[in-house]
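Enquirer: Below is the sequence, then the predicted model.
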Amino acid sequence: MSKLTDLPKRILIGRALRSDKLGETLLPKRIALPVFASDPLSSVAYAPGQVMIVLSVAGASAYHYSPWITIAIIVLMFTVVASYRQNVHAYPSGGGDYEVATTNLGPKAGLTVASALLVDYVLTVAVSISSGVENLGSAVPFIVENKTLCAVGIILLLTLMNLRGVRESGKLFAVPTYVFVGGVFAMILWGAYRGLVLGDDMKAPTAGYEVHAEQTGLAGFALIFLLLRAFSDGCAALTGVEAISNGVPAFRKPKSRNAATTLALMGGLAVTMFVGIITLALATDVKMAENPAHDLLKNGAPLGADYTQNPVISQVAAAVFGDGSFFFVVLAGATALVLFLAANTAYNGFPLLGSILAQDRYLPRQLHTRGDRLAFSNGIVLLASAAAVLVYFYGADSTRLIQLYIVGVFVSFTLSQTGMVRHWNRHLATERNPNARRRMVRARAINTFGAFFTGLVLVVVLLTKFTHGAWVALLGMVIFYVTMSAIRRHYDGVSEELAAATEQLDEEEVRPSRVHSIVLVSKIHKPTLRALAYAKLMRSHRLEALSINVDPAETKALQTVWHERGIDVPLKILDSPYREITRPVIDYVKSLRRESPRDVVSVFIPEYVVGHWYEHLLHNQSALRLKGRLLFTPGVMVTSVPWQLDSSELARKRARKRAEWNAPGSVRRGPVVPAKREKGEKGPKGEQPGVTSQVPGR
């Protein structure tokens, strides 16, 4: 049955890879660029248009402010890129903004950054896919009529590609990304040659239109506010910059240097394309409007609802290459594809950040481990599910979705760069080398400048977009923050409750009444010590502890503590190159049965019991899966010793109010009449329900 269910999985995502093959999935710079930078590179397809749309509120005459806004965006882009180049050197573990904020500003700031980034990654997928579907829909009517279904289908396709591993998905995504970049540069160079050398008069399809100004004669604060809004909308070009700092572990060695080089290359390409497109847009007299059907006029009359406003990049391409020409079609196709591929930035950033948060006990532990193809499969599936729900509820409408966008990324920018300022202040307090101090002072100035700019953009975005949908992004951040805080409290409570003291626990606290011959061990805590004490009482012919090596660092730490405590039970370690737990145990038990077919192998599984349904989602169900497999293995006895947590005690008290409570094993023991206690007297500390055993037929 297992082979039958594995077959579709292997067809879709491929054969499982060994843990020691992780190095083969790491990315060279030429693949890392399209994998991590497709989002900021593709944003030049719509960021220039956002600047012109906002300025059109004051009429086409306000377009002359575009160069100044472009200069401000360039300064901000180079500032952010310079800052993140320092991030990847100072914090190469892949924590990115989250690690910087946590280390320098505290856990609450780090959790705020993490919440913002998780929301932004989900929105990156939703916005990019919806925008790409709308671009394709202009040529294929079926897609327009079913754009929600098509968007969800593309999310599913990207999910399957990423489940096969980042290296394979990177190869698939590299070609269209490079075609898009090459096409934009060819358009810029050919447009410059035609305009400067040949003297051609290039005109965009909207060059003959007029723009109806909703507000005329803006001055003072109103003008400043309009320019700030245009600047903040144009800063959509910066989305995805942080993904490289979060994805450093996915690079080949030297990781930090390769990530920094890729970051600089991405920044240079994005700035050059942004400047080139907006310059050609002004040269070809492109007209854009927030409400084109009403605000774009031809011969003094509105164009009407039948008019479809093409993006700036499409209008510039039509003016430079010729509408419908071969190069125009190639660039249009590459633009649509790269918008789909921009979502892949989130598919790499979200799972990596989720793994780090899970390691820090802010998210369920299942997000920390890699899947069959050495990708963080659970994080990929979670991202795809959240984006698909968002696309469904918003009908794959990029205009509505983009109002939610860039809030999270500028929260993370601001807190991260503020954290880097604290980082340099801390190092400057101890550094005495003059050359090193000069470098740190320069770096601090860059980060301070970046924190100010990104903070300003964040304020403007919140003021201008809050009522248009930005509140949804803020609500999502709050939900993530509260949920992750609750998960951390749960894990901390469980760790504190299960923590084994330095000295051996009181024998009455850990001693059960049964024993087995193999004790499964993941770490040393109260349930493990109780299981070992239980095993010794049975006087087994052979007694050993068994642990599965999934994480070498954790296994080494287990062995160290095991020897330091002087535990007199031999500890056997089984390697698991495919990060499985169940199969190595099953194979080992079967090997013992083959060696002594007449013997019964008794497997003891320590586990703890929770009292709330949602707590089950936060703990791996490996014990349940293992018991299910062992029960069908001839000659094997499975013994479970539950260790009740405090939450289960509360659940037991609640259940007693409704009906008689039956603890595990109580049916075997028969009814127990509790001893009469004085009012306010509590039972013995550490009192636990009994052990349950299940013995399959031999």
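Expert: Yes, it's here.

Enquirer: Kindly export the helix or strand containing Leu415 (C-alpha atoms) in PDB.
Expert: Using DSSP states H and E, the element containing Leu415 is helix 407-428. Only the C-alpha atoms of helix 407-428 are listed here, as PDB (Å, rounded to 0.1, in the frame of the first residue of the first chain):
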ATOM      1  CA  VAL A 407       3.400  47.300   3.500                       C
ATOM      2  CA  GLY A 408       5.200  44.300   5.000                       C
ATOM      3  CA  VAL A 409       8.400  44.700   3.000                       C
ATOM      4  CA  PHE A 410       8.900  48.300   4.200                       C
ATOM      5  CA  VAL A 411       8.200  47.200   7.800                       C
ATOM      6  CA  SER A 412      11.000  44.700   7.500                       C
ATOM      7  CA  PHE A 413      13.300  47.200   5.700                       C
ATOM      8  CA  THR A 414      12.900  49.800   8.400                       C
ATOM      9  CA  LEU A 415      13.400  47.500  11.400                       C
ATOM     10  CA  SER A 416      16.200  45.600   9.700                       C
ATOM     11  CA  GLN A 417      18.200  48.700   8.900                       C
ATOM     12  CA  THR A 418      17.500  50.200  12.300                       C
ATOM     13  CA  GLY A 419      18.900  46.900  13.700                       C
ATOM     14  CA  MET A 420      22.000  47.200  11.600                       C
ATOM     15  CA  VAL A 421      22.600  50.700  13.100                       C
ATOM     16  CA  ARG A 422      22.500  49.100  16.500                       C
ATOM     17  CA  HIS A 423      24.800  46.400  15.200                       C
ATOM     18  CA  TRP A 424      27.400  48.900  14.200                       C
ATOM     19  CA  ASN A 425      27.000  50.900  17.400                       C
ATOM     20  CA  ARG A 426      27.700  47.800  19.400                       C
ATOM     21  CA  HIS A 427      30.800  46.900  17.400                       C
ATOM     22  CA  LEU A 428      32.100  50.500  17.400                       C
END
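
Enquirer: Give me the average confidence score over it.
Expert: Helix 407-428 comes out with an average pLDDT of 87.

Enquirer: helices or strands next to that helix in the packing?
Expert: Packing contacts for helix 407-428, counted by 3 or more C-beta pairs under 8 Å, 6 or more residues apart in numbering; DSSP states H and E, involve helix 66-90, helix 96-105, helix 107-137, helix 434-465, helix 470-498. From N, CA and C alone the C-beta is placed, and that goes for glycine too.

Enquirer: So for the last one, mean pLDDT?
Expert: If you average the pLDDT over helix 470-498, you get 85.

Enquirer: what's the residue nearest to Gln559 when sequence neighbours are not counted in contact with, if anything?
Expert: Closest residue in space to Gln559, ignoring its immediate chain neighbours: Leu571 at 6.7 Å, by C-beta to C-beta, 6 or more residues apart in numbering. Listed by C-beta atoms under 8 Å, 6 or more residues apart in numbering, the contact set of Leu571 reads 521, 544-547, 558-559, 562.

Enquirer: Please produce TSV containing these, extended by secondary structure.
Expert: Shown next, in TSV, are those (DSSP: H, G, I helix; E, B strand; the rest coil):
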residue	secondary structure
Val521	coil
Glu544	strand
Ala545	strand
Leu546	strand
Ser547	strand
Leu558	helix
Gln559	helix
Trp562	helix
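
Enquirer: Could you identify which of those residues has the most neighbours?
Expert: In terms of neighbours by other C-beta atoms under 10 Å, the contacts of Leu571 top out with Val521 at 25 neighbours.

Enquirer: just to revisit the earlier point, make a markdown table from the contacts of Leu571 and add distance to Ser314 and pLDDT to it.
Expert: What follows is those, written out as a markdown table (distance: C-beta to C-beta, whole Å; pLDDT from 0 to 100):
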| residue | distance to Ser314 | pLDDT |
| --- | --- | --- |
| Val521 | 62 | 87 |
| Glu544 | 69 | 88 |
| Ala545 | 66 | 89 |
| Leu546 | 63 | 88 |
| Ser547 | 60 | 87 |
| Leu558 | 59 | 87 |
| Gln559 | 62 | 86 |
| Trp562 | 65 | 87 |
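
Enquirer: so which of those residues comes closest to Ser93?
Expert: Leu558 (22.3 Å; C-beta to C-beta).

Enquirer: quick one: that closest one and Val521 touch, right?
Expert: Yes: between Leu558 and Val521 there is a contact at 7.2 Å, judged by C-beta atoms under 8 Å.

Enquirer: Residues in contact with both of these two, list them for me.
Expert: With C-beta under 8 Å, 6+ apart as the test, Leu558 and Val521 both reach 547, 571.

Enquirer: Show me how far the helix or strand hosting Ala317 is from its chain's centre.
Expert: Element membership for Ala317, per DSSP H and E: helix 312-321. With C-alpha atoms, centre = their mean, to the nearest Å as the basis, helix 312-321 stands 35 Å off its chain's centre.

Enquirer: That helix - what's its average pLDDT?
Expert: Rounded mean pLDDT across helix 312-321 is 87.

Enquirer: Contacts for that helix next, please.
Expert: Under C-beta under 8 Å, 6+ apart, the answer for helix 312-321 is 44-46, 48-49, 52, 184, 187, 190-191, 194, 202-207, 277-278, 280-281, 284, 286, 288, 310, 327-328, 331-332, 335.

Enquirer: And those, which of them are buried?
Expert: 44-46, 48-49, 52, 184, 187, 191, 194, 202, 204, 206, 277-278, 280-281, 284, 286, 288, 310, 328, 331-332, 335 (16 or more other C-beta atoms under 10 Å).

Enquirer: and those, which of them are in helices?
Expert: In this view, those that belong to helices under DSSP state H are 48-49, 52, 184, 187, 191, 277-278, 280-281, 328, 331-332, 335.

Enquirer: of these, closest to Ile69?
Expert: Distances from Ile69 to those, taken by C-beta to C-beta, are shortest for Ile278, at 8.7 Å.

Enquirer: Mind splitting this protein into its structural domains?
Expert: 9-489, 499-665+684-694 (automatic domain parsing).

Enquirer: picking up where we left off before, tell me which residues of the helix holding Leu415 are tucked away?
Expert: Neighbour count says helix 407-428 has 407-424 buried, by 16+ other C-beta under 10 Å.

Enquirer: for stretch 103-118, same thing?
Expert: Applying 16+ other C-beta under 10 Å to stretch 103-118 flags 103-105, 109-118 as buried.

Enquirer: out of the residues you listed, what pair is the most spread apart?
Expert: Asn104 and Leu118 (20.2 Å).

Enquirer: So what's the residue count around Tyr578?
Expert: Quick note: Tyr578 (other C-beta under 10 Å) scores 16 neighbours.
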